[in-house]
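In: Pasting the sequence and the predicted model now:
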Amino acid sequence: MQEAKDLKGYKQEVQDALDNSFLRTAMDNFAVAYRTGRANAFAGLDVENLIAQIAASKDSAIGQMDALFDEFKANAEKTGTRVHLARTAQEANEIIAQIAKDNQVNKIVKSKSMTAEETLLNHHLEAQQFEVVETDLGEWIIQLRNEGPSHMVMPAIHLSRYQVADLFSEVTGRKQDSEIERLVKVARRELRRQYLEADMGISGANFAIAATGTIGLTTNEGNARLVTTLPRVHVALVGLEKLMPTLNDALKVNRVLPRNATGQGITSYVTWITGPNACASAPEGQKIFHIVFLDNGRRELARDPVFKEVLRCVRCGACANVCPVYRMVGGHQYGHIYIGAIGLILTYFFHGREKARNLVQNCINCEACKSICAAGIDLPRMIKEVHTRIQDAEGHPVKSVLLSKVMKNRKFFHSLLRSAQKVQKPVTGGTPYLRHLPQIFAKEHNFRALPAIANKAFRDTWDHIKPHVATPRYRIALFAGCALDFVYPEQLEAAVKLLADCDVAVDFPMEQSCCGLPVEMMGEKDAAVAVAYQNLTAIHPEPYDYILTLCASCGSHLKKAYPRLLEDDASVQKELNEFADKIIPFSQFVNDVLKVEASDFMPSKLKATFHAPCHLCRGLGVTEPPHDLIRKAGYEFVPAAEEQTCCGFGGTYSSKFPQISAQILEKKLEDIQKTGAATLITECPGCILQLRGGAVKHGLDIDVKHLSEALADKHKKPSS
Amino acid sequence: MGAPENLNKLFKDKAEAVSAIVSEVASLNEALSYAVEICDRKEACQLLISGCEEELSSGAAELCEQKQKKSIAAPALDADLSQELASLCHAKGIDVVTKDLRKHVAGIDIGFTVVDYGIAETGTLVLDSSSEDTRLATMISEVHVAVVPKSKIRPTAFEVENELIDLMGQSPNYTAFITGASRTADIERVLALGVHGPLELHILMWEDH
């Protein structure tokens, strides 16, 4: 549970998590095992289509939330079920406590419910002297430890068997062995009597089917079946977003939810409950059955044009499973109650700005969550939007206001970069790296060597180097992006040379500026929009076959984010679409459009590996062209483990959370070293900055190159 | 899929992949013999795997002690089969429980059921568990022995959708999908079976035509 008061406090807690070696190992193992498990579980299924079906079905349900509630209530009440609607978490807790009082309840058993975690139901009931026992193993463990969950599906993933054994020794009053199988059986036997002694069972629900007034519950342990069977009263606490019209909608979700959550085809138990069922301990042999629906901001969210898709979430937890930051810091630092990417967003809506303020800044924007979300939610975008909202409400930090002002004025921005080049000499000592960090950077940024700003920006040399192509096969506009333009012009020059050799006419529209991603990441949406207009004006797409980028982050921002940022302006739509359509990353253009061949390159015996930039493999969906090109260029290509996992750069992220960025980089460099390759190729200047800086800092003998350099080095001149 | 033998094979493969023990039976009588055989062979309390000698808190230990004799719960059998089961069990000194399962929460050895449908895609059993005793027989038993008629095996859950809707229309209703044994991975993500429900699921595929 994240409750740090300010960013400084939050960073301290993050540091403690990073120092927890058990947690780090557990998270690493999980991250790798999860990917394989998920892939196996979806083998032979059209995942994208299944996800699209869920998104459509949930969107439709969200659009008719109130009507579905009325329908559910009417159908459920016909069966004798009592249906309630709680406007707030407090109201839900009060309704449930009142049901308990009305039925002379003493002991309550619970099965796992994130919604009950959201309302802090246990605290409320315990304060009213009810005895509450969690029966899901993980939930019982964290209840006994007085903690919140660290994962939505595996709430006690942060704990070791030894910690559990100590805890169980305390609970039973007898020394317990740390063998997991034994610990599980101890829990089984300790909890069995609790079901029998309880007067009331509380469950959540994964599905609420309006057509029949049925709730559906998915569990592996089977505790929900005992919770809903043995006590005489059953209360289900259900978020309004779980309402769906028919069983068919539920079955669709159920096909994806367990596969995405834990790599299982289905959970051990799926339970469908309609009406008050037979119950021998109830007064008339029939269960007293209440369903409490929770609003707590959901109805307002359902009407919000931007954020309503957040309600599609089916709580599979997968966004945490693939998140490189979650992997480093664990759930207690990556959510208040809800965990992972969705947790950062829901914290804002369910628990307020205070709790969300620090968390939403801790997204590295690698899009891993977006690529596996069971409901197709654009999570990174939602996080950025929440960040913007918080800053709009609280005032934007000086740093980000300044940056945003600077970015809105291209000439001023570029002149600043040029003067920075002049004053950096004392800290570079003439090398291409900043040798001593200027004071504005804290010591913790020192985990990698930072590059110096180039003597001459690409834009300032363009007039001299612009090649002449007599009979071009293609005409392209080059979009440079700040890092390549001002820090790594040689990577652009390599590309320009290769393109000219391949008879491509290259143009470099001078009025282009930063793509705007950094300001959007800082929650400065206005500046991001302003910059988008500048670039759209600078590069008229019409005369060009393609607009080429060597920076995957710029490329995916131009192609995917611009249409969204400028969607309200009807006057630019035609040009905007053409602009976005023509954006192409370097590797895709050279491999798939120019169709270069191995015979165009000089063979070598060098081993090379590849790091897939997040915004190339996920943002732009380009995975194979760089591999093909590395092979064609004559390298022996050795794939690295976790090639598509983020390098830890994340633009401004690495200066905001350097300690996390450093740890992600560390893991990345280990994987690279294991390939034995002397050359590491990638296709994004941000990744190069991070990886090259890391390699230099660690004294590794690895040459980090942009794909353009790797190809240009080996390309045969057409005339030779 | 399509052909019944492929469907049966898929069902079997998927069920076995989640640790169910799958066999074939030609009749319900054979299924009863199987259940009694398993009961006779198994250790008196399978929880011994965790060591019944292990110390528990006194309340939990007391409950555990209530279970003194081997038992099979078969709450939903017709009269003939009940008779058959009773005589098979009598010969082996096993108790048969057909009602008030709640009194046996300390544990029973075998829960015996004939399920309504099978779902091949996931090796899942579909069982109308509206009777409390059926619910408990499949939860508090250490081993669940379930008979699935081959004629009732469908490719996916969508092919039992209409039947499920019918069940849900007859409120109150409690329908269960059961796939493999009760499981958890809540401690260090290590898979452990039998956390609250059965430690083993045996599926008997019954050639019912």
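Out: It's in.

In: Could you use CA atoms for every contact and neighbour count after this?
Out: OK.

In: Can you tell me what sits against the helix or strand containing A:T36?
Out: Taking DSSP states H and E as the definition, A:T36 sits inside helix A:21-41. Applying Cα atoms under 8 Å, 6 or more residues apart in numbering or on different chains, the external contacts of helix A:21-41 come out as A:17-18, A:157-160, A:259-265, A:321-322, A:327-330, B:188.

In: Stretch A:133-146 now?
Out: A:107-112, A:148-149, A:154-156, A:164, A:167, A:184, A:187, A:191, A:194, A:221, A:223, B:184, B:186-187, B:195.

In: I'd like the distance from it to the chain centre, please.
Out: 27 Å (Cα atoms, centre = their mean, to the nearest Å).

In: What average pLDDT does that stretch get?
Out: For stretch A:133-146, mean pLDDT is 95.

In: still on that earlier bit, next helix or strand past the helix holding A:T36?
Out: Taking DSSP H and E, what comes next after helix A:21-41 is helix A:47-63.

In: Which positions in that next one come out as buried?
Out: Using 16 or more other Cα atoms under 10 Å in any protein chain shown as the test for burial, helix A:47-63 gives A:47, A:50-51, A:53-59, A:61-62.

In: tell me the contacts of the residue of chain B positioned farthest from its centre?
Out: What lies farthest from the middle of chain B is B:S58; by Cα atoms, centre = their mean that is 29.4 Å. Counting by Cα under 8 Å, 6+ apart, B:S58 touches A:T172.

In: Does the lengthiest strand in chain B reach chain A?
Out: Longest strand in chain B, counting residues (DSSP state E): strand B:141-149. No - residues of strand B:141-149 contacting chain A under Cα under 8 Å from any Cα of the partner chain: none, with a closest distance of 11.5 Å.

In: Does at least one residue of the helix or strand just after that strand sit close to chain A?
Out: The element immediately downstream of strand B:141-149 (helix or strand, assigned by DSSP H and E) is strand B:153-154. No - shown here: strand B:153-154 not in contact with chain A (Cα under 8 Å from any Cα), separated by at least 14.6 Å.

In: what packs against strand B:153-154?
Out: Secondary-structure packing of strand B:153-154 (3 or more Cα pairs under 8 Å, 6 or more residues apart in numbering or on different chains; DSSP states H and E): helix B:4-17, strand B:117-119.

In: Quick one: the helices in the stretch 351-500 of chain A, in order.
Out: All helices of the stretch 351-500 of chain A, identified by DSSP state H, counting those that start in this stretch, fall at A:353-356, A:368-372, A:379-394, A:398-408, A:410-423, A:425-428, A:458-465, A:482, A:489-501.

In: Put together a markdown table for those helices, with distance to A:M522, mean pLDDT and mean neighbour count on each row.
Out: Formatted as a markdown table, the helices of the stretch 351-500 of chain A follow (distance: least, Cα to Cα, whole Å; pLDDT from 0 to 100; neighbours: other Cα atoms under 10 Å in any protein chain shown):
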| stretch | distance to A:M522 | mean pLDDT | mean neighbour count |
| --- | --- | --- | --- |
| helix A:353-356 | 15 | 93 | 21 |
| helix A:368-372 | 19 | 97 | 23 |
| helix A:379-394 | 8 | 94 | 20 |
| helix A:398-408 | 6 | 86 | 17 |
| helix A:410-423 | 17 | 86 | 14 |
| helix A:425-428 | 27 | 68 | 15 |
| helix A:458-465 | 26 | 96 | 14 |
| helix A:482 | 17 | 92 | 23 |
| helix A:489-501 | 26 | 96 | 21 |
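
In: closest to chain B out of those?
Out: Nearest to chain B, of all the helices of the stretch 351-500 of chain A, is helix A:368-372, at 20.6 Å by Cα to the nearest Cα.

In: Dump that closest one to CSV, restricted to CA.
Out: C-alpha atoms of helix A:368-372 as CSV (Å, rounded to 0.1, in the frame of the first residue of the first chain):
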residue,chain,number,x,y,z
ALA,A,368,4.3,-3.6,-22.1
CYS,A,369,1.1,-3.4,-20.2
LYS,A,370,-0.9,-2.1,-23.1
SER,A,371,0.3,-4.9,-25.3
ILE,A,372,-1.1,-7.6,-23.0
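
In: List of residues touching it?
Out: Helix A:368-372 is contacted by residues A:260, A:318-320, A:322-323, A:341, A:376-380, A:614, A:618 when judged by Cα under 8 Å, 6+ apart.

In: so after the helix or strand of chain B with the lowest mean pLDDT, what's the next helix or strand?
Out: Every helix and strand in chain B was compared by mean pLDDT, DSSP states H and E; the lowest is helix B:58-65, with a mean of 70. Using DSSP H and E, the helix or strand that follows helix B:58-65 in sequence is strand B:71-73.

In: List the pairing partners of that next one within its sheet, with orientation.
Out: strand B:95-97 (parallel), strand B:108-114 (parallel) (DSSP bridges).

In: contacting residues for the spatially most central residue of chain B?
Out: Residue closest to the mean C-alpha point of chain B, counted by Cα atoms, centre = their mean, is B:H144 at 2.5 Å. Each residue near B:H144 by Cα under 8 Å, 6+ apart is listed here: B:110-113, B:137-138, B:198, B:200-202.

In: With B:E159 instead?
Out: Contacts of B:E159 (Cα under 8 Å, 6+ apart): none.

In: Just the pLDDT for it.
Out: Note on B:E159: pLDDT of 98.

In: and what of A:A452?
Out: 86.

In: Can you get me a residue count around it?
Out: 21 (other Cα atoms under 10 Å in any protein chain shown).

In: domain parsing for chain A?
Out: Here the domain parsing of chain A from automatic domain parsing is A:1-41+A:317-395, A:66-299, A:598-714.

In: Could you dump these into JSON lines and include distance to B:S27?
Out: Rendered in JSON lines, the data for the domains of chain A read as follows (distance: least, Cα to Cα, whole Å):
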{"stretch": "domain A:1-41+A:317-395", "distance to B:S27": "34"}
{"stretch": "domain A:66-299", "distance to B:S27": "27"}
{"stretch": "domain A:598-714", "distance to B:S27": "52"}
